[in-house]
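**Student:** Structure for this input, please:
(2 chains)
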Amino acid sequence: SQQGEEDPQALSIQEGENATMNCSYKTSINNLQWYRQNSGRGLVHLILIRSNEREKHSGRLRVTLDTSKKSSSLLITASRAADTASYFCATDSGSKTGANNLFFGTGTRLTVIP
Amino acid sequence: DTEVTQTPKHLVMGMTNKKSLKCEQHMGHRAMYWYKQKAKKPPELMFVYSYEKLSINESVPSRFSPECPNSSLLNLHLHALQPEDSALYLCASSQDQWRGLVGEQYFGPGTRLTVT
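**Tutor:** Next up is the predicted model:
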């Protein structure tokens, strides 16, 4: 299976604290992406980091990538109650078809307590 | 318009029924995807269409039949499903990567399918 592993499986923090989620994967990648999913709805793309990048920022999000360890982390700073959701990493190993086939990690369920 | 729409939102069907799920996007994306997601699990890739041609079928049973009538539409035809097929079915689209464009996918809200 190409599915990645995420930890922790669940994380509960107070509003204003930082949240860190980790993702490990098995194959070589073109890029790694993070998505958020609210309560059984569609996924929303958060950030993409290419295999030749080590760190990327977007607003309150910071993503790191270590290809030697096949791992990535997502940091959400100054969390808000609205950040409560499931977060998934997804790896893109490239394809010959023009489509990008994503394989999702197991996910982290984040709860931010007001 | 960066929206992917899916209909219906909810579907309950018996094991002998035939139904279809529909997905539509108007972003000019040439890659479209079907995923299946069970509760508290990650999405699992089912089918990939690139330029209206099926490029990936991730060993999905034949009771699921995808169709891409044109570059904006994607259907998933369902027939003789089993109760274990109950899940959230997600559609997504992305720009093609031939020109080195980024690979983010845009997801629809999903169809919650219950097979009785």
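**Student:** Can you pull out the low-pLDDT segments for chain A?
**Tutor:** A:1-2, A:96-98 (pLDDT under 70).
**Student:** Give me every residue in it lying close to chain B.
**Tutor:** Contact residues, chain A versus chain B (C-beta under 8 Å from any C-beta of the partner chain): A:3, A:30-31, A:33, A:35, A:40-45, A:48, A:88, A:92, A:94-95, A:97-107, A:109. Backbone N, C-alpha and C define where each C-beta goes, glycine included.
**Student:** Tell me which of these fall in strands.
**Tutor:** Counting by DSSP state E, the residues of chain A next to chain B place A:31, A:33, A:35, A:43-45, A:48, A:88, A:92, A:102-104, A:109 in strands.
**Student:** Narrow those residues to those that are buried.
**Tutor:** Among these, those scoring as buried are A:31, A:33, A:35, A:43, A:45, A:48, A:88, A:92, A:102-104, A:109 (criterion: 16 or more other C-beta atoms under 10 Å in any protein chain shown).
**Student:** May I ask which two of these are separated the most?
**Tutor:** A:Asn31 and A:Arg109 (24.1 Å; C-beta to C-beta).
**Student:** residues contacting B:Ser72?
**Tutor:** Neighbouring residues of B:Ser72 by C-beta atoms under 8 Å, 6 or more residues apart in numbering or on different chains: B:24-26.
**Student:** quick one: which of those residues is nearest B:Asn17?
**Tutor:** Set against B:Asn17, the nearest of the contacts of B:Ser72 by C-beta to C-beta is B:Glu24 (22.6 Å).
**Student:** What number of residues are in the vicinity of that closest one?
**Tutor:** By other C-beta atoms under 10 Å in any protein chain shown, 18 other residues sit near B:Glu24.
**Student:** State the pLDDT value of it.
**Tutor:** Per-residue confidence (pLDDT) for B:Glu24: 97.
**Student:** dump the residue contacts of it.
**Tutor:** B:Glu24 makes contact with B:4-6, B:72-74 under the criterion C-beta under 8 Å, 6+ apart.
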